[in-house]
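Participant: Any chance you could fold what I've pasted below:
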Amino acid sequence: MKREPRGSMQVANGKIAAEDMGRARDALSRVHDIFAATVIGQKDLYRALIVSLLAKGHVLLESVPGLAKTTAAVTLSDAISGSFSRIQCTPDLMPNDIVGTQIYTYETGKFSTQLGPVHANMVLLDEINRSSAKTQSAMLEAMQERQTSIGGTIYKLPDPFMVLATQNPVDEEGTYVLPEAQMDRFLLKEILTYPNPSDEVEILTRTAERAFGTSTAAPVSTADVLFLQDVAGRVYVDESIKAYIVAIINTTRGGGPRPIADLRRHVRVGASPRGSLALMRVGQALALTQGRNYVVPDDIKALRHAVLRHRIIRTYDALAADIPTEKIIDDVFAAVPTP
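Facilitator: Below is the predicted model:
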C-alpha cells in the first residue's frame, strides 16, 4: 500500500474549511499591509505581535527606547479597529490607576464606577519594571483572568484583549524586577535590536516625505480578530509534534529522550507545562500566518527563544560564566530529534 506524504496527512486531518483559510489569509494580509506602512523593518516585532494576538497571549518586549514599540502597538490596534490604552509605569502608580475605581458623587450621594485604562483591546504597559510589585500583580492578574474587580463587582475586559509590556534593560536603577513566576505569564519575551542601515534610511526618507501610514488596506474588525483566534486554535497539531514539544520541555528539566549531561550546572529551573502550551499555541498561530492549517517542526523552532527565554532560570554558575539563555535553548533543541 502506498503511503501518503506526511504533509498531505496533516492537511487531510485539518478541521478548517477552505473558505475560512481564505478569509484568514485576507485578514492577515490587510493587517500586515497597514502595519508595514507605518513601522519600517522590525519583522521580529511584527511576528511576535501578530502571533501573540492570534494565540490570545501577551508580549514582553525588552529594548532600548526609540525602537517603535509604542508606534507598533498603536498601529496594530488601528489595524484591528480596537481601542488602545497606554500606561506609563512609575513607582507611585497604584493598582486602582490601572483597573479603575469607584467615585463618590456628592450631588447624587451615590458611587459610580470609573473603569481604568486596562479596559481596552490593546494595552501598552510602558516600562512595567518601574511599577511596584503590588501594581505589577494587579496587572498580571487582569492579564490572566481577563477581568477586574472594582468595589466587589466583576468587570470583563474587552475581547480581544492583549497586553504589550516593555522594559528597558539599560537604565535599571530604581526598578522592580519582574519575578520569574510572573514573567511566565507572558506568551513571548522578544528582545528588539536596532534596525539595519537600509531600514533606518527608509525611516528618514518616509519621515521627510511624510509618507507614513499610506496603506490603502481597510482595517479588519474585532470580530475578524476573534475569527482568526478561533481558526488558529483549530490548526492541526499531529501527535508527533505534541510529543516533540513535550520532549523539548522535559529536556529543559534535565530529562527528555537525550538528556544533556551538564544541564543541571546551567539550569536551575526548567520550563513548566505552560511552556508546552505556549510552544503549541505559537506553532499554531505561526502556521496560520504562513497559510497552513497544520503545524510543522519549523513552526515550533521559529520562535523558540521568545517562548522559552523567560521560562528557564539559570544557575549562578551560568550567570557567572555569562552563558546566554538562548544558547541553552539551542542546545536543548539540538538534543531533541526532529520528527
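Participant: With only the CA atoms kept, save the helix or strand that contains Met21 in CSV.
Facilitator: If you go by DSSP states H and E, Met21 is part of helix 18-38. Output of helix 18-38 as CSV, limited to C-alpha atoms (Å, rounded to 0.1, in the frame of the first residue of the first chain):
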residue,chain,number,x,y,z
ALA,A,18,-11.0,26.3,2.6
GLU,A,19,-13.2,29.4,2.8
ASP,A,20,-12.1,30.0,6.4
MET,A,21,-8.5,29.8,5.3
GLY,A,22,-9.2,32.2,2.5
ARG,A,23,-10.8,34.7,4.9
ALA,A,24,-7.9,34.3,7.4
ARG,A,25,-5.4,35.0,4.7
ASP,A,26,-7.2,38.1,3.5
ALA,A,27,-7.5,39.5,7.1
LEU,A,28,-3.8,38.8,7.9
SER,A,29,-2.7,40.4,4.6
ARG,A,30,-4.7,43.6,5.5
VAL,A,31,-3.2,43.8,9.0
HIS,A,32,0.3,43.3,7.6
ASP,A,33,-0.1,46.0,4.9
ILE,A,34,-1.3,48.6,7.5
PHE,A,35,1.5,47.7,9.9
ALA,A,36,4.2,47.8,7.2
ALA,A,37,3.1,51.2,6.0
THR,A,38,3.9,52.7,9.4
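Participant: List the buried residues in it.
Facilitator: 20-21, 24, 27-28, 30-32, 34-38 (16 or more other CB atoms under 10 Å). All C-beta spots, glycine's among them, are computed from the backbone N, C-alpha and C.
Participant: so what does the next helix-or-strand element following it touch, helix or strand wise?
Facilitator: Note on helix 18-38: by DSSP H and E, the next helix or strand toward the C-terminus is helix 43-54. Here helix 43-54 touches helix 18-38, strand 59-62, helix 69-79, strand 162-167, strand 188-191, helix 222-233, helix 273-289, going by 3 or more CB pairs under 8 Å, 6 or more residues apart in numbering; DSSP states H and E.
Participant: Quick one: mean pLDDT for the longest one?
Facilitator: Taken as a whole, helix 18-38 carries a mean pLDDT of 93.
Participant: next one: stretch 253-264
Facilitator: 88.
Participant: residue closest to the middle of the chain?
Facilitator: Most central in the chain under CA atoms, centre = their mean is Val59, positioned 3.3 Å from the mean C-alpha point.
Participant: Wait, that one touches Leu187, no?
Facilitator: Yes. With contact defined as CB atoms under 8 Å, Val59 reaches Leu187; the gap is 6.8 Å.
Participant: and the residue lying closest to Ala211 once chain neighbours are set aside, what helix or strand is that in?
Facilitator: Distances taken as CB to CB, 6 or more residues apart in numbering put Thr205 closest to Ala211, at 7.6 Å, once the chain neighbours are dropped. Taking DSSP H and E as the definition, one finds Thr205 inside helix 197-209.
Participant: list the buried ones in that helix?
Facilitator: 203, 206.
Participant: just stretch 87-97 next, same as before
Facilitator: 87, 89, 93, 95, 97.
Participant: Please apply the same query to stretch 282-291.
Facilitator: In stretch 282-291, counting by 16+ other CB under 10 Å, buried: 282-289.
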